[in-house]
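Asks: got a structure for you, letters missing:
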């Protein structure tokens, strides 16, 4: 975990001036431009504020989710619909841009992230005055990366997501989620080809629906989802084409989850899940498969300050390709939320599952993940965060086994209702039994965010 001081010292004064100009320009745009997206559709910016919560009620809300009067976004209101625009401008230093095991190369990137959240129904100011059985939230956003030296890393990620909730009846609820995104694989990810000249772009479409029916303490949830992945070709560092179309695929999944609330705050359940995965690759690279998971679990709220869930069982995945052996074993997932003090929230999580088999040149993989994060409210408008995670990627048909460690720390400072500043540090280390996949990197980011 040695910081690349030599790389930092190599940044010339001219670069710093240009970067400073970027930030000043970004701040100027943030200060004067946040009202543009909706200025043409409404002049009604008055929003009813919810009454302030008592201190003991505020202490039950996770630190990262608390909204303090005077620092919360106001938004724009059109009837019962609320619009919350946001614009982030930042600079990120990466000590190992290409995630290389040797000769790391550092660079600065300017990041611009416009975002817009649209809400209707639950979660909006004054919603309790006009209750509705139907609610939705739309999230739109983009991340624009511009690198100082390695312009092949420049990219634009964009995404749109809509989540709906419909209380069809007091004992029948329908939830849906749809997401469309254009993303790029991260350098150092096990799926990203090491010889690709640029991060591999791909389109990611997802849809999911869940129907929940209850009979008193007894209930059942029915879920169905589909995901479609489409990859674009890139070139190698030498200029040769690198075909990625064989990674295109469709994943369909469904589960049934009967549950029973045997005591206030305690719900036992069984989750039976099935999946079907089809990819474009054929022959020896065929990765089509189907599998299932059978888990039993418990959702709990020991006190208003301690809640979570844990489930464990058996998983199995079988492949069309006779060269790939079936994968099975223990399946686990757990989450814990602990309000340690009125100012501190602790989160922990763990999971073990069968990963998608789209890593070039490798077959099935089992991922085991464990991690956690602590959020601390230093002041009403200052939150500090620290956390870490450990992930083991075990490739079943290869001696390759990767241990991925990530440490992170950050601070978020709300200067006013409309302006925030923040800083974040990440350390990532991949330790692989095949040395060419090992690397470590440091990333430091400073940002300014404007919201309305």
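Replies: Arrived safely, thanks for sending. What you are looking at is a predicted structure, and each value in this text was computed from that prediction instead of being measured. Numbering: from 1, shown residues only.

Asks: can we go C-alpha only for contacts and neighbour counts from here?
Replies: Noted.

Asks: Ramachandran coordinates for the nearest residue to residue 365 once chain neighbours are set aside?
Replies: If you skip the residues right next to it in sequence, residue 365 has residue 395 as its closest partner in space, 4.4 Å away by CA to CA, 6 or more residues apart in numbering. Backbone geometry at residue 395, expressed as degrees, to the nearest 10, gives phi -80, psi 120.

Asks: could you pull out the strands for the stretch 51-200 of the chain?
Replies: Along the stretch 51-200 of the chain, counting by DSSP state E, counting those that start in this stretch, strands occupy 76-78, 81-94, 107-120, 134-147, 155-169, 172-184.

Asks: where do the helices sit along this structure?
Replies: All helices of the chain, identified by DSSP state H, fall at 5-9, 13-33, 36-39, 55-58.

Asks: show me what contacts residue 422?
Replies: 410, 411, 412, 413, 446, 447, 448 (CA atoms under 8 Å, 6 or more residues apart in numbering).

Asks: let's see it at 6 Å
Replies: 411, 412, 413, 446, 447 (CA atoms under 6 Å, 6 or more residues apart in numbering).

Asks: Check residue 447 too.
Replies: Neighbours of residue 447 in contact, by CA under 6 Å, 6+ apart: 89, 90, 421, 422.

Asks: let's see 10 Å
Replies: Contacts for residue 447 (CA atoms under 10 Å, 6 or more residues apart in numbering) come out as 23, 26-27, 88-92, 110-112, 412, 420-424.

Asks: Who is it paired with across the strands?
Replies: Taking DSSP bridges as the rule, residue 447 bridges to residue 90, residue 422.

Asks: now the one 4 residues further on
Replies: Listed by DSSP bridges, the beta-bridge partners for residue 451 are residue 86.

Asks: ok, now residue 328?
Replies: In beta-bridge terms (that is, DSSP bridges), residue 328 pairs with residue 316.

Asks: Count residues in the vicinity of it, would you?
Replies: The tally of other residues near residue 328 (other CA atoms under 10 Å) stands at 17.

Asks: Check what pLDDT it gets.
Replies: Listed pLDDT for residue 328 reads 92.

Asks: roughly how far apart are it and residue 182?
Replies: Using CA to CA, to the nearest Å, we find residue 328 at a distance of 32 Å from residue 182.

Asks: Let's have the strands of the stretch 51-200 of the chain in JSON lines, adding distance to residue 306.
Replies: What follows is those, written out as JSON lines (distance: least, CA to CA, whole Å):
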{"stretch": "strand 76-78", "distance to residue 306": "35"}
{"stretch": "strand 81-94", "distance to residue 306": "31"}
{"stretch": "strand 107-120", "distance to residue 306": "29"}
{"stretch": "strand 134-147", "distance to residue 306": "27"}
{"stretch": "strand 155-169", "distance to residue 306": "26"}
{"stretch": "strand 172-184", "distance to residue 306": "26"}
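
Asks: ok, back up a step: mark which of the contacts of residue 447 are buried, thanks.
Replies: Buried members of the contacts of residue 447, counted by 16 or more other CA atoms under 10 Å: 23, 26-27, 88-92, 110-112, 412, 420-424.

Asks: in stretch 185-196, what's buried?
Replies: For stretch 185-196, by 16+ other CA under 10 Å, it's 186, 187, 188, 190, 191, 192, 193, 194, 196.

Asks: Report the helix or strand with the lowest average pLDDT across the chain.
Replies: helix 36-39 (a mean of 35; mean pLDDT, DSSP states H and E).

Asks: pretty sure residue 237 is in contact with residue 198, am I right?
Replies: Yes - assessed by CA atoms under 10 Å, residue 237 is found in contact with residue 198 at 8.4 Å.

Asks: higher neighbour count, those two?
Replies: Neighbour count, other CA under 10 Å: between residue 237 and residue 198, residue 198 has more, with 24 against 12.

Asks: Next, work out how far apart the more buried one and residue 151 are.
Replies: Residue 198 is 9 Å from residue 151, where distance means CA to CA.

Asks: hang on, the earlier thing: I'd like the buried residues of stretch 185-196 laid out as TSV, including distance to residue 251 and pLDDT.
Replies: Below are these laid out as TSV (distance: CA to CA, whole Å; pLDDT from 0 to 100):
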residue	distance to residue 251	pLDDT
186	21	93
187	24	93
188	24	91
190	19	87
191	17	86
192	19	87
193	22	88
194	25	86
196	25	91
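
Asks: quick one: which of those residues is nearest residue 289?
Replies: residue 191 (18.1 Å; CA to CA).

Asks: From residue 410, how far out is the closest one?
Replies: To residue 410, residue 191 is 28 Å away according to CA to CA.

Asks: quick one: contacts for residue 352?
Replies: By CA under 10 Å, 6+ apart, residue 352 lies in contact with 312, 315, 329-334, 366-370, 391-392.

Asks: which residues does the nearest residue to it once chain neighbours are set aside bridge with?
Replies: Computed as CA to CA, 6+ apart, the closest residue to residue 352 that is not its neighbour in sequence is residue 368, at 4.3 Å. Under DSSP bridges, the beta-bridge partners of residue 368 are residue 352, residue 392.

Asks: Could you do the one 4 residues further on as well?
Replies: For residue 372, the residues forming beta bridges with it (DSSP bridges) are residue 348, residue 388.

Asks: for it, what are its contacts?
Replies: The contact partners of residue 372, by CA under 10 Å, 6+ apart, come to 335-337, 346-350, 386-390.

Asks: same thing but at 7 Å, please
Replies: Going by CA atoms under 7 Å, 6 or more residues apart in numbering, residue 372 touches 347, 348, 349, 387, 388, 389.

Asks: Out of these, which is nearest to residue 211?
Replies: Checking the contacts of residue 372 against residue 211 with CA to CA, the nearest one is residue 349 at 25.5 Å.
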